[in-house]
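predicted coordinates and the sequence they were generated for:
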Amino acid sequence: MDGGYVRSVHAKFGRLPMKTYPGMDFAQFVRWAAFSGIKRVRPLYWLDYDKEATKRFLSDTYGWEWYGGHHLENRFTAFYHSYFLPRRWGIDMRILGYSGMVRSRQLTRAEAEAEMAKPPHLDDEVLDLVKKRLGFDADEFDRVMALPKHHYSEFRTYKRRFELLRPFFWALYKMDRVPKSFYVKFCQRSPVVGRDR
């Protein structure tokens, strides 16, 4: 949604050209959201989803095997959710799944808190694979993980434009052209605003 931000980060830190990266500039985003005519239907918003029953169905019917957690079906996303976000940024995405299960009464709050008290698990094989694919030895990986952190406001973003056009995007949200999460995250004023160029 913010191709300007991606290009700004890449200009400062990128090493490889982004010729084939599917970035979306501001005008493309507005055309896509406002004029594409695409209505976004989110079927899971309307289902009484029982995670354990679904897992049993998939296992019994198709021989599916549980991969251990939300977004852990892919090695790189497993690394991102179970290692990078918690260790680098202190963000534990498991809270999203557990809080949803508490709200739908599939877990008690105490059960969810007990699961959250356990550290996220990542197999050493996955960590080694990610290091290899990124071309890092152990020392380089540790160095990168310890680099100074940056805030989005240090880069060019479309956030200020989204904020200025908040009534327009509110109308798009009401017409189901942009998700509520986009409107709340990007169109609300924040204490620190990124440079909009």
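That came through, no problem.

tell me the pLDDT of Ser190.
With respect to pLDDT, Ser190 has a value of 67.

tell me the domain ranges of this structure?
In the assignment given by automatic domain parsing, the structural domains of the chain cover 1-38+151-197, 41-149.

quote the end-to-end distance of the last one.
Distance across domain 41-149, first residue to last, is 37 Å (CA to CA, to the nearest Å).

got the domains of the chain as a markdown table, with mean neighbour count columns?
For glycine as for every other residue, the C-beta is placed from the backbone atoms N, C-alpha and C. Output for these, formatted as a markdown table (neighbours: other CB atoms under 10 Å):
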| stretch | mean neighbour count |
| --- | --- |
| domain 1-38+151-197 | 14 |
| domain 41-149 | 13 |
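
any idea which of the ones you listed scores lowest on pLDDT?
Looking at these, the weakest mean confidence is domain 1-38+151-197, a mean of 87.

ok now that one, how far from the chain's centre?
Remark: domain 1-38+151-197 is offset 15 Å from the chain centroid, using CA atoms, centre = their mean, to the nearest Å.

so what's Arg87 closest to, chain neighbours aside?
Nearest residue to Arg87 in three dimensions, chain neighbours excluded: Met145, at 6.8 Å (CB to CB, 6 or more residues apart in numbering).

pretty sure Gly23 contacts Gly3?
Yes: in this structure, Gly23 is within contact of Gly3 by CB atoms under 8 Å, at 3.8 Å.

Pro179 and Thr108, how far apart?
For Pro179, the distance to Thr108 equals 30 Å [CB to CB, to the nearest Å].

could you do Asp60 as well?
Relative to Thr108, Asp60 is positioned 26 Å away (CB to CB).

cool, and Asp142?
Applying CB to CB, the value for Asp142 to Thr108 is 39 Å.

kindly report the same for Arg42.
Counting by CB to CB - Arg42 and Thr108 are separated by 27 Å.

cool, and Asp50?
Using CB to CB, Asp50 is found at 15 Å from Thr108.

and what of Met18?
Met18 is 46 Å from Thr108, where distance means CB to CB.

for Arg156, what are phi and psi?
Dihedral pair for Arg156: phi -70, psi 140, per degrees, to the nearest 10.

that one contacts His10, correct?
No: with contact defined as CB under 8 Å, Arg156 does not reach His10; the gap is 11.1 Å.

overlap in contacts of these two?
Among the neighbours of Arg156, none is also in contact with His10 (CB atoms under 8 Å, 6 or more residues apart in numbering).

secondary structure element for Phe182, which one?
Assigned by DSSP states H and E, Phe182 falls within helix 180-187.

tell me what the helix or strand hosting Val102 is packed against?
Using DSSP H and E, Val102 falls within helix 94-103. Applying 3 or more CB pairs under 8 Å, 6 or more residues apart in numbering; DSSP states H and E, we find helix 94-103 packed against helix 109-117.
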